[in-house]
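Asker: Let me see the structure of the following:
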Amino acid sequence: MLSKFTTAAVAATLSLAASATMAGADDYSFEPVNPEMKKGDDVTLAVRLTNKQTGKPVSDAVIFKTRVDMAPDGMAEMESPVTPLPSKEPGVYAFKTDLPMVGRYQLTLSAKVQGESETVTGKVIVKATK
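Answerer: All right, here's what the predicted structure looks like:
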């Protein structure tokens, strides 16, 4: 027969295991490293991918889909090319793009995170200034 302490310990362990397996794409967020930058060509736009549960940066994600446009200002058709750059910091993903005019730009990303079956997606808004 199990003691009350043992039963509680087993229940706590099962609860932790269940919460670990229930982690999903919503447990991650992208945020801009610099929310404002000067407009121009060949601008470096960097984002940080963070695990919301731990607060730690997520390294080694595979970013497989990116798009930069001016959707926040009602001009989604104003799309710029996006080229990945090498990462200089764990959990930070950088891209070269053009921000040809002053305004708000949206970077849309899709990523595969190791150990996650779901695709992590995010939208990051940055502001281009003069």
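Asker: Now do the contacts for Ile63.
Answerer: Ile63 is in contact with 84, 93, 109-111, counting by Cβ atoms under 8 Å, 6 or more residues apart in numbering. Using the backbone N, CA and C atoms, a C-beta is placed for each residue, glycine as well.
Asker: What pairs with the helix or strand hosting it, parallel or antiparallel?
Answerer: Element membership for Ile63, per DSSP states H and E: strand 62-70. Sheet pairing for strand 62-70, assigned by DSSP bridges, gives strand 75-80 (antiparallel), strand 103-112 (antiparallel).
Asker: Nearest approach to Lys130 belongs to which of these?
Answerer: Lys130 sits nearest to strand 103-112 of all the strands paired with strand 62-70, at 10.9 Å, using Cβ to Cβ.
Asker: Return the alpha-carbon coordinates of the closest one using PDB.
Answerer: The C-alpha atoms that make up strand 103-112 are tabulated as PDB, following Å, rounded to 0.1, in the frame of the first residue of the first chain:
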ATOM      1  CA  GLY A 103       6.900  53.000 -41.700                       C
ATOM      2  CA  ARG A 104       6.100  49.800 -39.900                       C
ATOM      3  CA  TYR A 105       7.200  46.500 -41.300                       C
ATOM      4  CA  GLN A 106       6.200  43.000 -40.400                       C
ATOM      5  CA  LEU A 107       8.500  40.000 -40.400                       C
ATOM      6  CA  THR A 108       6.600  36.800 -40.600                       C
ATOM      7  CA  LEU A 109       8.500  33.600 -39.700                       C
ATOM      8  CA  SER A 110       8.000  29.900 -39.600                       C
ATOM      9  CA  ALA A 111      10.400  27.700 -37.700                       C
ATOM     10  CA  LYS A 112      11.000  24.100 -36.600                       C
END
